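In: coords below, sequence missing:
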């Protein structure tokens, strides 16, 4: 492996004063910032990269080389092997409770969830589609911190938040309520900013992003192959490699001033898995015609839910999460169901519903692995967020010192969800690119459930981590 010289790393980041360069060459170590803190000095992280870089692969060393600060997530007690009362079980329960302690139901942006789910799941009728409401909510919350004036007001309006202080409190609580990494269930939200080394940024805004959103910050020369590799390395790590095909095509092009990236990675087993011996082939009635696929099946006492135009069941996942399967009545498509107020109310109810009954349910559902990519720009404009896309009107002064005609030029969202007999895995990312107006990017990126259905994966507190439509499994 080629040895990385201190001078090469410092050149990659840029904007480092002589004293800090001297410390880096001396090899003095400094600690990363801890939870609820921020490391303002670039060199401290650079020195740590040099000091411990040999313990990481080349990709990790490259990633650390660009780091201004790297988030340190809450430490959770591991899930105990035995459920008998013990100090380990008590510590684990306290750890889970601590993550949820700052959240209450009033913090859920239900209006945004309902509007955005309806908008982004209805864009491609007849196709598979997936969307992560929590992921886009976190990305827009961070974007609100980078904007001011009408630009910020439009984002806050869409999120249903009166002011930036309330947003910080709510977003931090949502992040912690969705976070779990205890060896039993994985639900990790990650955020980062990728900054152009030729632009001057306000340190205070980066501090707020680190403290409230656990956002890591990286800085380097846009358009270089090495920073593209670092971006992909970070995103693949944070999404468990599930979105590698999509991520491997991403770039940080030379005109980019910054790129805001938010991810979600989820993995959990069913409380009661599907017996493999009961998986058999069957017919799924897709919009384009009949499809033969593997159907999983089980029969258990369960709660059956219904409305005027749909029926539903939920499948419990370890860690308190759930996956909801919502089947439109015969003759109605999932996209049409999204326009029904009652159906949307149920989708966000997490089971708090009048029409339900405990029954012996024979549940049959296809195994599926679906992916989708969405350009968020037109949908966000329809939802009232317009100014950030207009370089003559957008206000990014909270982050950029020398502002003038910046705009969001790219807003990419990708999701993958897969289920099998054992459990569910899912990942999502949102990538928002800021450029100067008039400087386009160089690259362009062109309970017998046997018919199309909706699904929702909710967190322990009922927040919709992932939603989707399966038209063809």
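Out: Ah, there it is. All figures in this text were calculated on a predicted structure; none of them were measured in a lab. Residues are numbered from 1 along each chain as shown.

In: For residue 182, give me its contacts.
Out: Going by Cβ atoms under 8 Å, 6 or more residues apart in numbering, residue 182 touches 76-79, 92, 95-96, 319. For the C-beta atoms, the positions are set from N, CA and C on the backbone; glycine is no exception.

In: So what are the sheet partners of the helix or strand encompassing residue 434 and their directions?
Out: Secondary structure from DSSP states H and E places residue 434 in strand 423-436. Strand 423-436 has its sheet partners listed here by DSSP bridges as strand 256-269 (antiparallel), strand 406-419 (antiparallel).

In: Please dump the ones you listed into JSON lines; it should also carry mean neighbour count, mean pLDDT and distance to residue 361 for every row.
Out: As requested, those are arranged in JSON lines below (neighbours: other Cβ atoms under 10 Å; pLDDT from 0 to 100; distance: least, Cβ to Cβ, whole Å):
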{"stretch": "strand 256-269", "mean neighbour count": "24", "mean pLDDT": "97", "distance to residue 361": "20"}
{"stretch": "strand 406-419", "mean neighbour count": "23", "mean pLDDT": "97", "distance to residue 361": "17"}
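
In: Tabulate those strands (a markdown table), appending distance to residue 449.
Out: A markdown table is the format used below for these (distance: least, Cβ to Cβ, whole Å):
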| stretch | distance to residue 449 |
| --- | --- |
| strand 256-269 | 20 |
| strand 406-419 | 11 |
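
In: Out of those strands, which is closest to residue 242?
Out: Evaluated with Cβ to Cβ, these place strand 406-419 nearest to residue 242, the distance being 4.9 Å.

In: So how do I select the buried members of the contacts of residue 182 in PyMOL?
Out: To isolate the buried members of the contacts of residue 182 in PyMOL, using 16 or more other Cβ atoms under 10 Å:
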select buried, resi 76+77+79+92+95+96+319
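
In: Among the contacts of residue 182, which are located in helices?
Out: Among those, the members falling in helices (DSSP state H) are 92, 95-96.

In: In this structure residue 83 contacts residue 92, no?
Out: No. When contacts are counted by Cβ atoms under 8 Å, residue 83 is not listed as touching residue 92 (9.9 Å).

In: remind me which residues of the stretch 1-150 of the chain are low pLDDT?
Out: Scanning the stretch 1-150 of the chain with the threshold set as pLDDT under 70 gives 1-61.

In: all helices for it, in order.
Out: 6-13, 18-26, 42-52, 58-65, 87-100, 110-121, 133-146, 149-159 (DSSP state H, counting those that start in this stretch).

In: do the stretch 351-473 of the chain as well
Out: 377-382.

In: Okay, now the unreliable bits of it?
Out: Applying pLDDT under 70 to the stretch 351-473 of the chain picks out residues 403, 438-446.

In: could you pull out the strands for it?
Out: With DSSP state E, counting those that start in this stretch, the ranges of strands along the stretch 351-473 of the chain come out as 356-366, 368-375, 406-419, 423-436, 453-458, 464-470.

In: of the strands paired with strand 423-436, which approaches residue 298 most closely?
Out: Nearest to residue 298 among the strands paired with strand 423-436 is strand 406-419 (13.1 Å), distances taken as Cβ to Cβ.

In: I'd like the next helix or strand past the helix or strand residue 327 falls within.
Out: Secondary structure from DSSP H and E places residue 327 in strand 322-328. With elements assigned by DSSP H and E, the helix or strand that comes after strand 322-328 is helix 334-338.

In: so what's residue 298 up against?
Out: 272, 274-275, 278, 362-363.

In: 10 Å - rerun?
Out: Residue 298 sits next to 270, 272-275, 278, 315, 361-365, 421 when contact means Cβ atoms under 10 Å, 6 or more residues apart in numbering.

In: What of residue 239?
Out: Residue 239 sits in contact with 188, 190, 246-247, 263-266, 414, 416, 426-429, where contact means Cβ under 10 Å, 6+ apart.

In: Quick check: chain neighbours aside, which residue is closest to it?
Out: Spatial nearest neighbour of residue 239, chain neighbours left out: residue 427 (3.9 Å); criterion: Cβ to Cβ, 6 or more residues apart in numbering.

In: now that neighbour, which residues is it bridged with?
Out: residue 265, residue 416.

In: strand partners of the strand ranked longest in the chain, parallel vs antiparallel please.
Out: Assignment by DSSP state E gives strand 289-306 as the longest strand of the chain. Strands adjacent to strand 289-306 in the sheet, as given by DSSP bridges, are strand 280-286 (antiparallel), strand 310-316 (antiparallel), strand 356-366 (antiparallel).

In: Any idea how far that strand is from the middle of the chain?
Out: In terms of Cα atoms, centre = their mean, to the nearest Å, the centre of strand 289-306 is set 28 Å apart from its chain centre.

In: ok so, going back, now flag whichever of the ones in helices among the contacts of residue 182 is closest to residue 230.
Out: Using Cβ to Cβ, these come closest to residue 230 at residue 95, 31.5 Å.

In: check contacts around that closest one.
Out: 74-79, 180, 182.

In: so residue 365 touches residue 424, yeah?
Out: No. When contacts are counted by Cβ atoms under 10 Å, residue 365 is not listed as touching residue 424 (11.5 Å).

In: Looking at these two now, which is surrounded by more residues?
Out: Using other Cβ atoms under 10 Å, the more surrounded residue of residue 365 and residue 424 is residue 365, with 24 against 20.

In: Which residue is the nearest non-sequential neighbour of that one?
Out: Closest residue to residue 365 apart from its sequence neighbours, by Cβ to Cβ, 6+ apart: residue 449 at 4.5 Å.

In: Give me the phi and psi for residue 420.
Out: Per-residue torsions, residue 420: phi -140, psi -170 (degrees, to the nearest 10).

In: can you pull the contacts of it?
Out: Residues in contact with residue 420, defined by Cβ under 10 Å, 6+ apart, are 270, 273-274, 276, 279, 294, 296, 367-369.

In: The residues you listed into TSV, with extra columns for distance to residue 135?
Out: TSV is the format used below for the contacts of residue 420 (distance: Cβ to Cβ, whole Å):
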residue	distance to residue 135
270	23
273	27
274	27
276	32
279	30
294	28
296	27
367	24
368	20
369	19
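
In: hmm, which of those are the buried ones?
Out: Among the contacts of residue 420, those that count as buried by neighbour count (16+ other Cβ under 10 Å) are 270, 274, 279, 296, 368.

In: got TSV for those residues, with distance to residue 119 too?
Out: Formatted as TSV, these follow (distance: Cβ to Cβ, whole Å):
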residue	distance to residue 119
270	30
274	33
279	35
296	31
368	23
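
In: Which single one of the residues you listed is nearest to residue 207?
Out: residue 270 (41.2 Å).
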